[in-house]
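Visitor: what's the 3D shape of this:
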Amino acid sequence: MSEVLSVAKNELELLSNDQQKIIEELFGCSASELITSPTEHGNMSYLRSIIKTPDGQQFFMKCIVPERYYDDDNPASYYIASELRHLDNEARALMFLNEQMPGFVPQVHKYDRDAKLLVTEYLPDQWVAPTDPDQLKLYWESVSGLLKKIQTLPIPDWVDKESPSLKRIKANSWGSFDFSNFPDDVREICQVLEPRGLEAVARCRGEFLTHHDARPENIGWNPKTGEAHIIDPSWFGLGPKNADTTMFLISLAASGIDVSEFINEETFNPDYALVRAGWLLSRSSRPESKFAKPGMRESQLRAALSAIRLIM
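Guide: Modelled structure (predicted):
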């Protein structure tokens, strides 16, 4: 839901007949009367668009279109099943968060699991951190307050107590990758930190509700009202205390922002930062994904090194 790239041909033409029918019933008009603006957001292969209705209303659509999935090693069904699990989790999390803290997440207008289609409220927020120091402080206060509020919410019955998102992060952190092919300076850092990283992975427990992908691209901010809004909780589940604020600080630092004044025991979890650094190093060591934005591996390495600098 970041910058709108273009108003190209109507992306609704790419939808299945069932998906088009749901969209037309939801908005009370034919697909040809709707304007779609594709958005670049996230590293998965969903079709994402802002939909504008004839009366000027705007909505955000995320759906699975099988034709977008291709790979030499795995069938499309392999990726579709994975992304459908994330879409399910996102829809459930959005509805839960709307009940618990209305106004801070987009409302769900339609979710059809069979059609693999999610339509939510569109939030015309600012999706990058401000550079002005005073604005940055207000931004951080809003975002950190929102993230800390989430971890105080009651854990709903449908949340998997086995913490699958955290389990995946831990399984792909320290001890899961070969760092011999990294540049010399990075390899030396990995050699020093791996024993501590393995201990941090062992200590990491899922105890609090966690977004698990808290980055500026997923947290909008309205400078006029000072309110923050969170989107894309597809990894939503249990995590360690202050996992989201820790990840957000890592993301800010990776973008070149000095976050030293925001780091304290109420916002930063060194163990989780180390686990996250291992995850990012592991991801950065893999070949570029066909389904991700170009340069993703480079940005993951930059974020990993930022996390390490915050720990040291």
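
Visitor: next SSE downstream of the longest helix along the chain?
Guide: For the chain, the longest helix by residue count, based on DSSP state H, is helix 76-100. The helix or strand immediately downstream of helix 76-100 is strand 108-112, counting by DSSP states H and E.

Visitor: list the neighbouring strands of the helix or strand following that following strand plus their orientation.
Guide: Downstream of strand 108-112, the first helix or strand assigned by DSSP H and E is strand 117-121. Applying DSSP bridges, strand 117-121 is found paired with strand 58-63 (antiparallel), strand 108-112 (antiparallel).

Visitor: let me see the domain layout of this protein.
Guide: What automatic domain parsing lists as the domains of the chain is 11-121, 133-311.

Visitor: turn those into TSV, columns for mean neighbour count and distance to residue 127.
Guide: Heads up, the C-betas are built off the backbone N, CA and C, glycines and all. Converted to TSV, these look like this (neighbours: other C-beta atoms under 10 Å; distance: least, C-beta to C-beta, whole Å):
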stretch	mean neighbour count	distance to residue 127
domain 11-121	17	8
domain 133-311	18	5
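
Visitor: now for the strands paired with strand 117-121, which one comes closest to residue 185?
Guide: Closest to residue 185 of the strands paired with strand 117-121, according to C-beta to C-beta: strand 58-63, at 39.2 Å.

Visitor: give me the mean pLDDT for that closest one.
Guide: Across strand 58-63, the average pLDDT comes to 95.

Visitor: now do stretch 84-100
Guide: On average, stretch 84-100 scores 97.

Visitor: about what we covered before: got a markdown table for the strands paired with strand 117-121, with distance to residue 248 too?
Guide: Formatted as a markdown table, the strands paired with strand 117-121 follow (distance: least, C-beta to C-beta, whole Å):
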| stretch | distance to residue 248 |
| --- | --- |
| strand 58-63 | 22 |
| strand 108-112 | 24 |
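
Visitor: quick one, which of those is nearest to residue 50?
Guide: strand 58-63 (5.7 Å).

Visitor: picking that back up, give me the contacts around the longest helix of the chain.
Guide: 44-46, 62, 64, 66, 69-71, 104-108, 111, 113, 116, 118, 120, 150, 153-154, 156, 158, 230, 232-237, 291 (C-beta atoms under 8 Å, 6 or more residues apart in numbering).

Visitor: the inter-axis angle of it versus strand 58-63?
Guide: 140 degrees (axes from the mean of the first three to the mean of the last three C-alpha atoms, to 10 degrees).

Visitor: run the chain-centre distance for helix 76-100.
Guide: Centroid separation for helix 76-100 versus its chain: 12 Å, with C-alpha atoms, centre = their mean, to the nearest Å.

Visitor: with stretch 282-300 instead?
Guide: Distance, centroid of stretch 282-300 to centroid of chain: 15 Å (C-alpha atoms, centre = their mean).

Visitor: going forward, begin numbering at 320 instead of 1
Guide: Sounds good: first residue 320 from here, last item stretch 601-619.

Visitor: now do the end-to-end distance for that stretch.
Guide: Stretch 601-619 has an end-to-end distance of 9 Å (C-alpha to C-alpha, to the nearest Å).

Visitor: where do the helices sit along the stretch 470-619 of the chain?
Guide: 483-490, 503-522, 562-573, 589-603, 615-630 (DSSP state H, counting those that start in this stretch).

Visitor: is it true that residue 464 lies in a strand?
Guide: No: under the criterion used here (DSSP: H, G, I helix; E, B strand; the rest coil), residue 464 is helix, not part of a strand.
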